[in-house]
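Chemist: Coordinates for the following, if possible.
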Amino acid sequence: MPAQIQIINHRQFAWLIASLLSGGGLISIQHELIRLGRIDAWLTYLFPGLYALLIGFVLTQLARRFPQKHLFEITTIVFGRWIGTCANLLILVHLWMVLMRDLRAFGKFIGTILLPNTPQEILVLLFVLLLAFYGRTSVEVVGRVNDLFFPFFFVLLLSMPFLLSNELDTQLIRPALTVKPVEYFYANVLGIGWFGDILFVGAFLHTIWSSKQIRSAFRHGTLIATFLLTLSLLLQVLVLGPVIPGHMVYPNYSLVQHIHITDFLDRVDLFILSIWYPITACKDILLYLAMLTGIASLLKERDYTSINSPVSLFLLLTTLLAFDSAAEVFSFGNYSSPVIILGYQPLLLAALLLFMRKYPVRELRLDQAQSGTPSPGKQQEQPAQGRSDATTSSRFISRIECIRHSTWITAGNVLLLLSACLVFLGIWLGMTYAVVGTLSGIGYAICLVGAVVTSHMEMRAAKKFVVRHSSQT
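Modeler: Take a look at the predicted model:
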């Protein structure tokens, strides 16, 4: 593959990350977060979001040193053949368990809400057939499908406060930040069990040429998902209260059922499910393609179409045999996932950061991109004065774009740090001074929205920088 050809762009990559983190988290864990965090449950995505950003940082550093390589290939290079293979097998086993969890959870949801008379085996079989169909394609196809539905999904969740405006009660979230620190910590740990799935996106690092775009996409996708899930939890508490959703199996679906547009349009939930379903499907297809990529890397291949059928059959059989009831599915997804993730991911990430330092950065350095040096052929065609003017102008524009990109990154980091400080301040003083907790909660919401905006501007600045660098080289 040529060095400057990419399969998906940074926007598609960011939206796939957002779908990965927000698709399944809307139905499986939010009742547990409300049970622990109660009126402050909507603030419990702080640590999971920061943890996902940390994983994105590590994967970006790997992409800088190993361009056109995905995570499984990089792990083998960094750790060697035997240790790298063991690390890849560990990631694949975790990925396999995540897919089993999602398939059974999705089957239980559809069987409970839409098709109660359909056997669970049939629902899982149909979804596995969908995975097998997309297993013959590439992440480019999934990215384009996700491009069609994610904007509708995003706008739909943004419109939920207006659709539920007659059901909102702000008294239900007051006083803010009065949860016990231990319970707040436990709720954040549960969220890490779902946000840790972002590691599997490393299987597609080779699909984007520039590591700057990879970093911006990780930040933007993670912050979008954090914002959407936070908004969903906030609406559940505002409409259903801090107690009732904790005893519901699918509180988010119950929230949707409260939407009534006039007196005759009261089944809006069917329309919303028609948009949510493709997002969840893209999430699981992405994980399935990551699993195929990892297995193919063990065979030192990148073409995984030949193993698509046996892997899908193995996934179907193990999924049907893994769980006996819905309680086991939810217990495994909500309580076992954090243990599995925190049991190996921090150690793996720390080892990758440590051992990758002996490999130099292979992409073009920032100072070289700023120099704006034209190619030798173009130097011979232009006069000396014209060449000097063009070089000076290109260097000046590149420096401005670099400053803009760095400014948006800094602004986003400051907002994230400020949001964390506000939460800690509110937990510390919220029980004594209610106004401090309320202002801290409002400040957290403002900082989160600002971080999403800055990540979007960072993506735009990264695109302009990469496009100018490509035209210069």
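
Chemist: and the gap between residue 311 and residue 99?
Modeler: Distance, residue 311 to residue 99, by Cβ to Cβ, to the nearest Å: 10 Å. C-beta: built from backbone N, CA, C; applies to glycine.

Chemist: Give me the common contacts of those two.
Modeler: Common neighbours of residue 311 and residue 99, using Cβ atoms under 8 Å, 6 or more residues apart in numbering, are residue 291.

Chemist: Give the helix, strand or coil label for residue 321.
Modeler: helix (DSSP: H, G, I helix; E, B strand; the rest coil).

Chemist: Might you list the low-confidence residue ranges for the stretch 51-200 of the chain?
Modeler: Under the criterion pLDDT under 70, no range of the stretch 51-200 of the chain is flagged.

Chemist: Domain ranges for the protein, per the record?
Modeler: 10-363, 374-473 (automatic domain parsing).

Chemist: chain center to the longest one: distance?
Modeler: The gap between the average C-alpha position of domain 10-363 and the chain average comes to 7 Å, counting by Cα atoms, centre = their mean, to the nearest Å.

Chemist: what's residue 55 in contact with, if anything?
Modeler: Residue 55 makes contact with 196, 198, 199, 218, 345, 349, according to Cβ under 8 Å, 6+ apart.

Chemist: What of residue 437?
Modeler: 175, 176, 177, 178, 426, 429, 430, 431.

Chemist: re the thing from before, pick the most buried one from the domains of the chain.
Modeler: Neighbour counts (mean count of other Cβ atoms under 10 Å) averaged over each of the domains of the chain peak at domain 10-363, with a mean of 19.

Chemist: What's the first helix or strand after the strand or helix carrying residue 148?
Modeler: Counting by DSSP states H and E, the element that carries residue 148 is helix 139-163. On the C-terminal side of helix 139-163, the closest following helix or strand by DSSP H and E is helix 181-195.

Chemist: can you list the residues that contact that next one?
Modeler: With Cβ under 8 Å, 6+ apart as the test, helix 181-195 has contacts from 21, 24-25, 28-29, 32-33, 36-37, 40-41, 43-49, 51-52, 222, 225, 333-342, 427.

Chemist: State the pair within the contacts of residue 55 that is farthest apart.
Modeler: 218 and 345 (15.3 Å; Cβ to Cβ).

Chemist: what about the helices in the stretch 351-473 of the chain?
Modeler: Taking DSSP state H, counting those that start in this stretch, the helices of the stretch 351-473 of the chain run over residues 366-371, 376-381, 384-429, 434-472.

Chemist: ditto for the stretch 1-150 of the chain
Modeler: Counting by DSSP H, counting those that start in this stretch, the helices of the stretch 1-150 of the chain are 10-23, 25-28, 30-37, 46-65, 71-79, 81-113, 120-134, 139-163.

Chemist: how big is the angle separating the longest one from helix 10-23?
Modeler: It stands for helix 81-113. Using axes from the mean of the first three to the mean of the last three Cα atoms, to 10 degrees, the inter-axis angle of helix 81-113 relative to helix 10-23 is 60 degrees.

Chemist: My read is that residue 75 contacts residue 351, right?
Modeler: No - proximity of residue 75 to residue 351 does not meet the contact threshold set by Cβ atoms under 8 Å, at 9.5 Å.

Chemist: re the thing from before, the helix holding residue 148 relative to helix 120-134, how many degrees between them?
Modeler: Here helix 139-163 runs at an angle of 130 degrees relative to helix 120-134 (the same axes, to 10 degrees).

Chemist: All further residue positions should be reported with the first residue as 22.
Modeler: I'll keep to 22 as the first residue from here, and by that count the last item is helix 160-184.

Chemist: Residues contacting helix 160-184, please?
Modeler: Contact partners of helix 160-184, identified using Cβ under 8 Å, 6+ apart, comprise 28-29, 32-34, 36-37, 39-40, 155, 189, 225, 228, 245, 249, 252-253, 256, 276, 280, 282, 289, 293, 296-297, 299-300, 303, 306-307, 310.

Chemist: For residue 433, state which of the contacts of residue 76 is nearest.
Modeler: Among the contacts of residue 76, residue 239 lies closest to residue 433 (Cβ to Cβ), at 11.8 Å.

Chemist: if I pick residue 99, what's in contact with it?
Modeler: Contacts here follow Cβ under 8 Å, 6+ apart; on that basis residue 99 touches 105, 373, 376, 377, 380.

Chemist: Reformat those residues as CSV; add distance to residue 344.
Modeler: What follows is the contacts of residue 99, written out as CSV (distance: Cβ to Cβ, whole Å):
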residue, distance to residue 344
105, 32
373, 32
376, 37
377, 38
380, 42
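
Chemist: Residue 262: which of the helices of the stretch 22-171 of the chain is closest?
Modeler: It's helix 51-58; of the helices of the stretch 22-171 of the chain, that one is closest to residue 262 (Cβ to Cβ) at 9.3 Å.

Chemist: Mind giving me the packing neighbours of that closest one?
Modeler: Judged by 3 or more Cβ pairs under 8 Å, 6 or more residues apart in numbering; DSSP states H and E, helix 51-58 is in contact with helix 202-216, helix 232-261, helix 272-278.

Chemist: rerun at 10 Å
Modeler: helix 202-216, helix 232-261, helix 272-278, helix 347-352 (3 or more Cβ pairs under 10 Å, 6 or more residues apart in numbering; DSSP states H and E).
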